[in-house]
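Enquirer: what follows is a predicted structure for the sequence shown.
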Amino acid sequence: MRRLPVFFLLDCSESMVGDKLDKMQNAMGAIVSALRSNPYALETVYMSVIAFAGIAKTIASLTELYSFYPPKLPLGGGTSLGAALETLMDELDRRVVKTTSEQKGDWKPFVFLITDGRSTDKTENAASRWQAKYAKRATLIAIGLGKEADFASLKKLTENVIIYEEADKSEYTALIKWISDSTIAQSKSVGEGVENSPLPNLDEIALKLVKEPPANADDSCVVLVGRCQKTKKPYLIKYERSQTALGKGEHRAEVVYYDTVGAFMIDEDYFKWSQVQPSAITVNTSLLSGAPSCPYCGNHTAFAMCNCGKLTCASGGEAICPWCGVELFFGGEGGGDFDVGRSLG
Ligand SMILES: [Zn+2]
Ligand SMILES: [Zn+2]
């Protein structure tokens, strides 16, 4: 039987922390059940998931649809699109059966690449390798969640670059439907012996084809990592970009700042999935508005900094830094604004 391999390349960088990652996890489940209810898909589709953050890794290797279970998505610092593409190409070489004079190989694989940010590693080599050997062998559909996606890099890979702009409001409904519909259309088409079916129309409200890559938007969020001083467990604090007008008339100025979204529990796997941080990237606390409480112990701020430069939670008084073990005392007024090392997103 000729299989229709479908690969998902999913951005699990820390800007996805909280709601977005949960929704992506649910979306994978919804896509799998939509496909399973279709007899053509059930007969031909094999699925695989590659996750990327600071590193890239196959978290579900190519499996037939009826026994495929969506894997738990990791979370890490960084957006290694280059590494993700290399992993994909290695998988295509290893898993996909080529057509030879003796045998009919698999159908042309479908690849859905979903990302919400700018890549933090080099993508040029991976992009040239892709164009030279793989672009014709697989159908790559790149989907950017919102304006911060790296459309310029995505355009170098494929004509099929789509911007999805409902990411925060909806439950990815339009996206789930379109991905399921295109996969089902393709499996029906190969079921009838036709290699290439056109992609279904985009629901223009939520999904748009990107013709010219837009100018890169500013960072939409700032994410910081900390550890609870009581449980020693890690968390992420997320801030989202906001803008406000100060003054009136000719003195009016737009001021950009970052507003608290919350603090989220993460697991130790986060560090395995993160890129080693260049220490030079910092953000000044004057740009950050508010501080959430600790998601583990309820200490009133998750934003207390040790001299080692790392964040912990505190409610005043004595504490031991969960990163470096030094004794700390948090008391009185804060010492003004300071720079903290930020993650890569
Ligand atoms: Zn705590
Ligand atoms: Zn410390």
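Expert: Looks like it arrived, so ask away. Ligands and ions are numbered 1, 2, ... in the order given.

Enquirer: CA only for contacts and neighbour counts going forward, please
Expert: OK.

Enquirer: in stretch 323-330, what's buried?
Expert: 323, 328 (16 or more other Cα atoms under 10 Å).

Enquirer: roughly how far is stretch 320-337 from the heart of the chain?
Expert: Centroid separation for stretch 320-337 versus its chain: 32 Å, with Cα atoms, centre = their mean, to the nearest Å.

Enquirer: what about that stretch, start to end distance?
Expert: Stretch 320-337 has its terminal residues 22 Å apart, counting by Cα to Cα, to the nearest Å.

Enquirer: that one near ligand 1 at all?
Expert: No. Judged by Cα under 5 Å from the ion, stretch 320-337 makes no contact with ligand 1; its nearest approach is 10.1 Å.

Enquirer: is any part of that stretch close to ligand 2?
Expert: Yes. Stretch 320-337 reaches ligand 2 (Cα under 5 Å from the ion) through 321, 323-324.

Enquirer: can those residues go into TSV with extra columns for secondary structure and distance to Val255?
Expert: Listed next are those as TSV, based on DSSP: H, G, I helix; E, B strand; the rest coil; distance: Cα to Cα, whole Å:
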residue	secondary structure	distance to Val255
Cys321	coil	34
Trp323	coil	34
Cys324	coil	36
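
Enquirer: now flag whichever of those residues is closest to ligand 1.
Expert: Using Cα to the ion, Cys321 comes nearest to ligand 1 of the residues of stretch 320-337 next to ligand 2, at 11.2 Å.

Enquirer: that closest one: what's it in contact with?
Expert: Contacts for Cys321 (Cα atoms under 8 Å, 6 or more residues apart in numbering) come out as 229, 306, 312, 327-328.

Enquirer: which phi and psi does it have?
Expert: Main-chain dihedrals, Cys321, degrees, to the nearest 10: phi -60, psi 120.

Enquirer: quick one: the strands in the stretch 201-345 of the chain?
Expert: Ranges of strands in the stretch 201-345 of the chain, per DSSP state E, counting those that start in this stretch, are 207-209, 221-227, 234-246, 253-265, 282-284, 288-289, 301-305, 311-314, 317-320, 327-330, 339-341.

Enquirer: return the most buried member of those strands.
Expert: Highest mean neighbour count of the strands of the stretch 201-345 of the chain: strand 311-314, a mean of 28 (counted as mean count of other Cα atoms under 10 Å).

Enquirer: leaving out the residues flanking it, which one is nearest to the residue most central in space within the chain?
Expert: Nearest to the geometric centre of the chain sits Asp11, at 2.7 Å (Cα atoms, centre = their mean). Nearest-residue entry for Asp11: Thr115, 4.8 Å, with adjacent residues in sequence omitted and distances by Cα to Cα, 6 or more residues apart in numbering.

Enquirer: quick check: that neighbour touching Glu14?
Expert: No. When contacts are counted by Cα atoms under 8 Å, Thr115 is not listed as touching Glu14 (11.6 Å).

Enquirer: count the neighbours of whichever residue of the stretch 151-300 of the chain sits closest to ligand 1 for me.
Expert: Closest to ligand 1 within the stretch 151-300 of the chain is Cys228: 3.7 Å, counting by Cα to the ion. Using other Cα atoms under 10 Å, Cys228 is surrounded by 24 other residues.
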